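>>> starting from these lines, generate the structure:
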Amino acid sequence: MCGITGIYNLKREGSFGEQVRRMNRCLAHRGPDNEGLYEAPGLALGHRRLSIIDLSAAGNQPMLYGNGRYTLIYNGELYNYRELKKELSDVVFHTAGDTEVVLAAYARWGEGCLSRLNGMYAFAIWDNEAKTLFIARDRLGIKPLYYYFAGNTLVFASEVRALLESGLVPRRLSKGGLGDFLVFQTAHAPETIIRDVRMLLPGHYLLLKNAQENETRYWQLGENRIEAAASEDYTRICRDVYDLLQAAVERRLVADVPFGAFLSGGIDSSAVVGLMSRVAKSKVKTFSVTFDESEFSEAKYAQLVAKKFQTEHHEIHLRPEDFLHDLPAALAAMDHPSGDGPNTYVVSKATKAAGITMALSGLGGDELFAGYDIFKRAAELRRKKWLGALPGPLRGLAGWGLRTMRPGVASDKIAFLLGHGRFDLEAIHTLSRRSLLPGQVKALLSEPRAWSGNASQTAMQAEHFFPEKNYLLSAVSFAEISTYMQNVLLRDTDQMSMAHALEVRVPFLDYTLVEYVLSVPDRFKYPHTPKKLLVDALGDLLPPEIVNRPKMGFTFPWAQWMKNELRPFCEERLQQLQRAGCFNEKGVQELWSAFLRDDPRVTWSRLWPLVVLGDWMQRNNIEA
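Numbers count the residues shown, from 1 in each chain. As a prediction, the model looks like this:
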C-alpha cells in the first residue's frame, strides 16, 4: 500500500519534478519505506512506498519494465498475482512481488489486463514508446485516485491534499461538493469538495494519448449476473457463498509483514476472524475498541469471538480524555472531510503500535447481506407505494401528524417522503442517506447551492440494473455500495489507516463474491434474521450469541462527548465555519442550539460534519 502522485502535460511541455517532490512529501505517511521520482519532458511521476509484499529494494517505485518502455507507480495489492505469473510463464520476473506483475500484464494485454486483476489498486503507467499515460482504479473503489485538469495539464494523486500541495490546484470549495456534503456528509464521486477536482470512478480508467483524455468504464457493478446464484438450490447457494468468502479471506493473507484483524464482535468482523483462523499459519491478532459507557461497548462480544478462535486479542480502551487528545491528530489526518473517520483512526493507531502493518476488516458485509435498516424499509415502503396516489393535502396532513406525535429525524424524513408522494428506490434511498433536509440546508447557507445529484443518479442506476421485483435487495445493495460505502466508509478507511501506514484489506469486497451475492434473489437473503444468507452460509462458524446479538455498529458516544468534553472544541470549529462567506451565521448557531437542548430532530450526526468541515477548511486554507 502506497501513495502515488503525478503531473502530465498533454503537449509534453514543462518540467514538474519539484512540484511532484512536494506532493510526495505530503504523502509521506502513506509510504514511509521509500520515495521515488521519474521525470521526462512534460511528465513527473512520484511514489511513496509502504512495503507489504517483497520487502526488498527491488520492489521500489517508480518501477521500469520492458527495457525502460513502461514506468509504473502503483498503490494497492494484487491478490491473484501468483496466478497471473503462471499465465505469463514466458516472462522473466526480477522481483517477488505483485508490482512487476501489473506491469507485465499491461505490457501483454494493454487495457484488457484490468479484467484479469483481482485486488485493490490505483495506478498509472507511462508508455514511453507510444507516449500514453494510463491511469486505472479498482472495481469497487477501495483505493482512491483524485485528479485535476488545468488547461493541458493533468495533476493526479492518492489524496486531495497532495493535489493542493502542487500549487496548481486552487483552494476553493466546490458548490456541488459543498451541497453534497451538507446533504450526505460527503461528496459523491466523481464530485469532490474542491472545485474542479474529480475522483476517478471505480471500475474506470483514464487514457491520455495524442493530446487527448478519455475516461472509460471497464467494469460495472450489477452488470455481471451469476447464473448459479439464481438457482432454487439454497444449500448450493450457501456453499458457494462460503467458498467465495473463504477464498477471499485466504487471498488477503498473502503478506511479508505481520497482520491482524479489526474485531467488533459483530457478524461481519467475527466471520472474517473465524475464517482467518481456519487458514492462517499463525495465531490471529485481533483489535477492538472498548468504552466505559457500557451501552456503547462491544467488549464482551469481541472477547467471546477472540476466545472461540484463540486469537491474540488487544482491547483499546477509550476514555473521553483520550479521544480528545487524539482528535486533533485524527482531523489533521483527514484528507477529504467526512461525517465519519475518527473511529478508524483510533483503532488503526493502536493496531500499528502493536507491530501490525496489514489488517483485515469486515467492511462491506452490511451492504452485501442486507445488514442495514434501509433494506427492510425499502421493501416495506415499496409495499405502501399506493400512498403516493392519495391527494397531496391528505399526505401532507399525515406527515404533519406523524411529526407532531413522534418528533424526530425518522418522522421528518417520512413526512418529507409523503409530501413528495414518490416511493421509488431513488426517493427512498436518497432520503434514507440524507443528513439534513432541504429546509435545514437552506438555513445554513447564505445563498442557495445545489447538490451534485450523483446519489440520485446512482439509485436510478440501481433500478436499471435490477428492475425485477425479486431483486429489490440487490438494487439497495447497489445503491449502498455506490454511495455511502464508497464515498464514506472506504474513503475514511483509506485515509485514517494510511495516516499510520497501516494497510486494510476488505474480503467482503472481493468482486467475485460481490457479483455472486447481487445475483441471489431476495427470497434467499431477506433478513428475517440478521444477515440470514451470510449466517446460514457460515454454518456453525459463529457462536449463537454473536448471531443473535443486537446490532450496535462501530460508533463512539458522540452526543455525550459533544455536549460535555468536546463542547469547546465543537463550538470553536463551528465559529470558524460561521466566518466563511458561504454560511449563514444565524443558521449554524440555531442548529447547534437545537442540538444542545436535545431537539430530537437534530442529532449529533447532523452537527459533527459541520465541525469537521470548519476544521478542515481552516487546516487547508480553503476559501468558500
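>>> only C-alpha atoms from now on, for both contacts and neighbour counts.
Noted.
>>> can you give me the helices in the stretch 401-550 of the chain?
409-420, 425-432, 438-444, 454-465, 472-480, 490-498, 511-518, 522-525, 532-538, 544-547 (DSSP state H, counting those that start in this stretch).
>>> quick one, which of those helices is nearest to His47?
Nearest of the helices of the stretch 401-550 of the chain to His47, taken as Cα to Cα: helix 490-498 at 14.3 Å.
>>> could I get the helices of the stretch 401-550 of the chain as CSV with mean neighbour count and mean pLDDT?
Listed next are the helices of the stretch 401-550 of the chain as CSV, based on neighbours: other Cα atoms under 10 Å; pLDDT from 0 to 100:
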stretch, mean neighbour count, mean pLDDT
helix 409-420, 19, 67
helix 425-432, 20, 84
helix 438-444, 16, 87
helix 454-465, 19, 89
helix 472-480, 27, 96
helix 490-498, 26, 94
helix 511-518, 22, 98
helix 522-525, 17, 96
helix 532-538, 21, 97
helix 544-547, 15, 90
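>>> nearest residue to Ala594 in space, please, no chain neighbours.
Nearest residue to Ala594, sequence neighbours excluded (Cα to Cα, 6 or more residues apart in numbering): Val602, at 6.4 Å.
>>> can I take it that the one you found is in a strand?
No: the assignment for Val602 by DSSP: H, G, I helix; E, B strand; the rest coil gives coil, which leaves it out of any strand.
>>> report pLDDT for it.
pLDDT recorded at Val602 is 89.
>>> contact partners for Val197?
By Cα atoms under 8 Å, 6 or more residues apart in numbering, the contact set of Val197 is 146-149, 191.
>>> re earlier: could you pull up phi and psi at the residue nearest to Ala594?
The phi/psi pair for Val602 (degrees, to the nearest 10) reads phi -130, psi 90.
>>> does it really touch Glu590, like I thought?
No: Val602 is beyond contact range of Glu590, at 10.4 Å (criterion: Cα atoms under 8 Å).
>>> which one of those two is surrounded by more residues?
Shown here are Val602 and Glu590; by other Cα atoms under 10 Å, Val602 has more neighbours (21 against 13).
>>> which stretches of the stretch 151-300 of the chain have low pLDDT?
292-297 (pLDDT under 70).
>>> how about 80 then?
Residue ranges of the stretch 151-300 of the chain with pLDDT under 80: 256, 289-298.
>>> could you pull out the helices for it?
160-165, 175-184, 234-251, 267-279, 299-308.
>>> nearest to Ser338, out of those?
Here helix 175-184 is closest among these (Cα to Cα), at 7.9 Å.
>>> residues in contact with Lys376?
Pro527.
>>> can we see that at 10 Å?
Shown in contact with Lys376 (Cα atoms under 10 Å, 6 or more residues apart in numbering): 370, 382, 473, 476, 526-528.
>>> burial count for the spatially closest residue to Trp219 that is not a sequence neighbour?
Excluding the flanking residues, the one nearest Trp219 by Cα to Cα, 6+ apart is Gly203, at 4.9 Å. Neighbour count of Gly203, defined by other Cα under 10 Å: 19.
>>> Gly203 contacts Gln220, correct?
Yes: contact criterion Cα atoms under 10 Å: Gly203 and Gln220 qualify, at 6.6 Å.
>>> anything in contact with each of these two?
Any residue near both Gly203 and Gln220 by Cα under 10 Å, 6+ apart counts here, and that gives 139-140.
>>> now stretch 12-25: buried residues?
Neighbour counts over stretch 12-25 (16 or more other Cα atoms under 10 Å) mark 15-17, 19-25 as buried.
>>> on that earlier part again, what residues are shared contacts of Val602 and Glu590?
With Cα under 10 Å, 6+ apart as the test, Val602 and Glu590 both reach Leu596.
>>> and Glu87, what does it touch?
By Cα under 10 Å, 6+ apart, the contact set of Glu87 is 81, 105.
>>> ok, it to Arg108 distance?
10 Å (Cα to Cα, to the nearest Å).
>>> any idea how the protein splits into domains?
2-217, 227-368+503-547, 557-624 (automatic domain parsing).
>>> sorry, back to before: quick one: closest of the helices of the stretch 151-300 of the chain to Arg116.
Nearest to Arg116 among the helices of the stretch 151-300 of the chain is helix 234-251 (15.0 Å), distances taken as Cα to Cα.
>>> just to revisit the earlier point, now distance to Ala248 and secondary structure too, for the buried residues of stretch 12-25, in a markdown table please.
Output for these, formatted as a markdown table (distance: Cα to Cα, whole Å; DSSP: H, G, I helix; E, B strand; the rest coil):
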| residue | distance to Ala248 | secondary structure |
| --- | --- | --- |
| Ser15 | 43 | coil |
| Phe16 | 40 | coil |
| Gly17 | 39 | helix |
| Gln19 | 39 | helix |
| Val20 | 36 | helix |
| Arg21 | 36 | helix |
| Arg22 | 37 | helix |
| Met23 | 34 | helix |
| Asn24 | 32 | helix |
| Arg25 | 34 | helix |
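>>> so which of those residues comes closest to Glu250?
So of the buried residues of stretch 12-25, ranked by how close each gets to Glu250 (Cα to Cα), first place is Asn24, at 32.7 Å.
>>> for the domains of the chain, give me JSON lines that also has distance to Gln486.
Below are those laid out as JSON lines (distance: least, Cα to Cα, whole Å):
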{"stretch": "domain 2-217", "distance to Gln486": "6"}
{"stretch": "domain 227-368+503-547", "distance to Gln486": "10"}
{"stretch": "domain 557-624", "distance to Gln486": "17"}
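>>> all the strands of the stretch 251-400 of the chain, in order from the start?
Taking DSSP state E, counting those that start in this stretch as the test, the strands found in the stretch 251-400 of the chain are 259-262, 285-291, 312-318, 358-360.
>>> same check, this time on the stretch 1-150 of the chain
2-9, 34-40, 43-49, 63-65, 70-78, 119-127, 132-137, 146-150.
>>> ends of stretch 497-505, how far apart?
One end of stretch 497-505 sits 11 Å from the other (Cα to Cα).
>>> before we move on, what about stretch 518-525?
10 Å.
>>> offset the numbering so it begins at 16, please.
All set: I'll call the first residue 16, so the last point we hit is now stretch 533-540.
>>> quick one on the thing from earlier: from Leu236, how far out is the residue nearest to Trp234?
8 Å.
>>> in space, what's closest to the spatially most central residue of the chain - neighbours in sequence excluded?
Geometric centre of the chain, nearest residue: Leu505, 1.5 Å, by Cα atoms, centre = their mean. Closest residue to Leu505 apart from its sequence neighbours, by Cα to Cα, 6+ apart: Ile157 at 5.9 Å.
>>> measure how buried the one you found is and give me the count.
26.
>>> what residues are up against it?
Going by Cα under 10 Å, 6+ apart, Ile157 touches 91, 134-137, 217, 500-502, 504-506, 508-509, 519-521, 524.
>>> could you do Ile88 as well?
Residues near Ile88 by Cα under 10 Å, 6+ apart: 17-21, 51-53, 60-64, 75-79, 114, 118, 137-141, 150.
>>> and the closest residue to it other than its chain neighbours, how many neighbours does it have?
Closest residue in space to Ile88, ignoring its immediate chain neighbours: Pro77 at 5.0 Å, by Cα to Cα, 6+ apart. Pro77: 23 surrounding residues under other Cα under 10 Å.
>>> give me phi/psi at Pro77?
phi -60, psi 140.
>>> mind checking how far it is from Gly156?
Note on Pro77: its distance to Gly156, by Cα to Cα, is 22 Å.
>>> what ranges do the strands span in the stretch 516-639 of the chain?
Using DSSP E, counting those that start in this stretch, strands in the stretch 516-639 of the chain cover 518-520.
>>> buried residues in stretch 120-134, which are they?
Buried residues in stretch 120-134 (16+ other Cα under 10 Å): 120-122, 126, 129, 132-134.
>>> and which of those residues is nearest to Ile429?
The closest of the buried residues of stretch 120-134, once distances to Ile429 are taken by Cα to Cα, is Gly134, at 39.8 Å.
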